[in-house]
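Trainee: dropping the sequence and predicted coords here.
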Amino acid sequence: VGGTRTLLWSIVMICVPLYTAALICRETLGQPRPDLFSSVPLSFFTLFRCIVVGDCADKNGEPLWAHIVEDQSWLFGALYCVLTMLMMFGLFNVIVAIFVENVVTASKTSERLMKQQRLQDNELFTHKMVDLVQMVWTAHDA
């Protein structure tokens with residue numbers, strides 16, 4: 001349950017910056033590159049493929065952002081670099097840290113529950129042994 005919640009928040013944290021960049025790319029690159037940025041979903045898919053997956057080429061296999069920078073402006077290259085650094089170094093490391101923290105917390109909780117269960121079993125064993133000794137003692141006296 002905790003891992004699923006973390007996974008869903010991770011997806012949201014990845015999608016929000018990509019969606020924002022997809023809106024910017026749709027509005028600015030929709031006309032010059034309609035094959036990759038003609039709609040918001042297509043822009044989002046192109047950016048997801050480029051930044052998250054690492055497949056940053058157009059349909060002909062040529063580097064996408066190099067052509068965009070060459071044809072449009074260096075600002076798109078800067079946008080790509082900033083978004084890539086934000087996602088790779090910032091966001092992905094935070095997501096991994098959250099998963100590791102959840103695993104450590106779950107491990108500690110599980111260990112504590114098992115220890116508590118063992119203590120309860122020892123108490124039950126002690127109680128039953130006392131009852132048994134009392135029964136044997138009363139049977140011996142009779």
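Mentor: Great, that's in hand.

Trainee: hang on, isn't residue 63 packed against residue 69?
Mentor: No: proximity of residue 63 to residue 69 does not meet the contact threshold set by C-beta atoms under 8 Å, at 9.6 Å. Just so you know, the C-beta spots here come from the backbone N, C-alpha and C atoms, and that holds for glycine as well.

Trainee: ok, the two, which is more surrounded?
Mentor: residue 69 (17 against 13; other C-beta atoms under 10 Å).

Trainee: quick one: mean pLDDT for the longest helix anywhere in the chain?
Mentor: Taking residue count as the measure and DSSP state H as the definition, the longest helix of the chain comes out as helix 92-141. Looking at helix 92-141 alone, the average pLDDT works out to 83.

Trainee: same question for stretch 11-31.
Mentor: For stretch 11-31, the mean confidence score works out to 91.

Trainee: so who does residue 14 touch?
Mentor: Taking C-beta atoms under 8 Å, 6 or more residues apart in numbering as the definition of contact, the neighbours of residue 14 are 52, 87, 91, 95.

Trainee: could you report the neighbour count for the second one?
Mentor: Residue 87 has 19 neighbours, counted by other C-beta under 10 Å.
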